[in-house]
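# Quick one: sequence and predicted model below, then my questions.
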Amino acid sequence: MTNDPTHVKLNRLMLESAQIERLFFGEVYMRTLEWDSTAKRLKMIDQRVLPSKLELISLDTYQSVYQSIKDMAVRGAPAIGVAAAFGIVLAAQQSQAGDVDMLRADLNQAAEVLGASRPTAVNLPWALKRMLGVAGHTYSSTADLRAALLDEAQRMADEDVALNRSMAAYGAELINDGDTIIHHCNTGALATVDWGTALGVIRMAHEQGKHIHVLVDETRPRLQGARLTAWELSQYGIPYDIISDNAAGYFLHTGQVNKVFYGGDRVARNGDVANKIGSYMLALAANANNVPVYSVVPTSTIDMELASGDEIPIEERDQDEVLNIQFQNQPATPKGASARNPAFDVTPHELISGIVTEKGVIYPPFEIHLAKIMQES
Ligand SMILES: CSC[C@@H](O)[C@@H](O)C(=O)COP(=O)(O)O
């Protein structure tokens, strides 16, 4: 097996426009990522081209899964974790190993590659560890091990949807009829296998009949808010306005916002939350104006090994993501300009009002309450 996942060409499935309209949230339902049991491939929605195009990519190697995570064709902490789990299924399929031990060695190698795709979301190492744990059991044949890996990845995908619905039910209790909510990044169905975390809470409150207005942070530089969250909200029929990230303080200070909701990529055991860049500034402005801030995360996003957010690795992405913008159809930045592009920041736990998990809403002191829920099976 080659260990070089770079420059892997992703197979693109072009869809007829009539198919596209019915594909997602429509008559023909599809998850963000799905195992195609006929083709034995992983199918996923290519999030780089939304909302102007809805295209699928079909992946048949773990190297292409690595590439899809790194390039953010698939993104969002829970979706990344499940994609990596299916990456291990593909690695098992690719392997020519003649016995179980040799297959395990190939899987370990693939896990190392997949684990290096993006550093911040803990769901990635969490999912890989779970897959390698299954690989560690006793099997009488490589076929049995391959089958067990596929079962585990499918189980993880199904669990993700169930956990999201459970978080949504707890989180929706925090939302009142008439609330205006600022939401950061994309935490919807697209960031998970289906349904979503913070956006799933908003969606549940909407389905309960509450009238909600969402102020959608555009989320520079990759515009997950303006492109993906706005697209999802229009599918669900939830009223929204896109705002530039730097407008959030204005809306908070002028009393136009009731709550802030975002997701999380890694929560340290003291409750510090790493999330999409800009979350920290948003939480500061919200706290200064007495507006509560909620982070919605499955317990797989909680990293009890880290004492505080200072230990969370922060991904720094290519500067071109910041520089390649246009103003009046012209490049907006001077030739040769340089940029910094941290993809995440850490909100200190003091600024977080509550952490919504599938086990309920956790309130301060987070250190004590997180330890308690993480001990429950
Ligand atoms: C389920 S969403 C939680 C986070 O993964 C989300 O808020 C986020 O920061 C996503 O970042 P991204 O860089 O788009 O993968």
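That came in fine, so what should we check first?

# Skipping adjacent residues, who's closest to the residue of the stretch 151-300 of the chain found nearest the ligand in space?
Across the stretch 151-300 of the chain, no residue is closer to the ligand than residue 263, which sits at 2.6 Å (C-beta to the nearest ligand atom). (Glycine included, C-beta is placed from N, CA and C.) Excluding the flanking residues, the one nearest residue 263 by C-beta to C-beta, 6 or more residues apart in numbering is residue 187, at 3.8 Å.

# Pull the number of nearby residues for that neighbour.
Residue 187 sits with 34 neighbouring residues when counted by other C-beta atoms under 10 Å.

# can you pull the contacts of it?
When contacts are counted by C-beta atoms under 8 Å, 6 or more residues apart in numbering, residue 187 touches 76, 196-200, 229, 261-263, 296.

# So which of those sit within helices?
Of the positions in the contacts of residue 187, 198-200 sit in helices, assigned by DSSP state H.

# from these, which single one is nearest residue 35?
Proximity of these to residue 35 was ranked by C-beta to C-beta; the top entry is residue 200 with 21.9 Å.

# Run a quick neighbour tally on the closest one.
Residue 200, neighbours per other C-beta under 10 Å, totals 29.

# hang on, it packs against residue 163?
No: using C-beta atoms under 8 Å, residue 200 makes no contact with residue 163, being 9.7 Å away.

# what domains does the record give for this protein?
11-164, 169-375 (automatic domain parsing).

# thinking again about what came up before, tell me the spacing between the residue nearest to residue 263 and residue 75.
Note on residue 187: its distance to residue 75, by C-beta to C-beta, to the nearest Å, is 11 Å.

# the helices in the stretch 101-250 of the chain, which residues?
Listed in chain order, the helices of the stretch 101-250 of the chain (DSSP state H, counting those that start in this stretch) span 123-135, 142-172, 198-207, 230-236, 248-253.

# May I ask which of the contacts of residue 187 has the most neighbours?
Among these, the one with the most neighbours (other C-beta under 10 Å) is residue 199, at 34 neighbours.

# isn't that one right up against residue 228?
No: distance between residue 199 and residue 228: 9.3 Å, which falls outside the contact criterion (C-beta under 8 Å).

# Pull up the overlap in contacts between the two.
Between them, residue 199 and residue 228 share these contacting residues under C-beta under 8 Å, 6+ apart: 186, 188, 191.

# Report pLDDT for the second one.
Spelled out, it's residue 188. pLDDT, residue 188: 96.

# swap in the last one?
Reported pLDDT at residue 191 in the predicted model: 97.

# out of everything not next to it in sequence, what's closest to it?
That would be residue 76: by C-beta to C-beta, 6+ apart, it lies 2.4 Å from residue 191.

# Give me the distance between residue 75 and residue 285.
From residue 75 over to residue 285 (counting by C-beta to C-beta), the distance is 25 Å.

# who's more crowded, these two?
residue 75 (25 against 21).

# what's the next secondary structure element after the helix or strand of the chain at the bottom of the mean pLDDT ranking?
Sorting the helices and strands of the chain by mean pLDDT, DSSP states H and E puts helix 17-23 at the bottom, at a mean of 44. Using DSSP states H and E, the helix or strand that follows helix 17-23 in sequence is strand 33-36.
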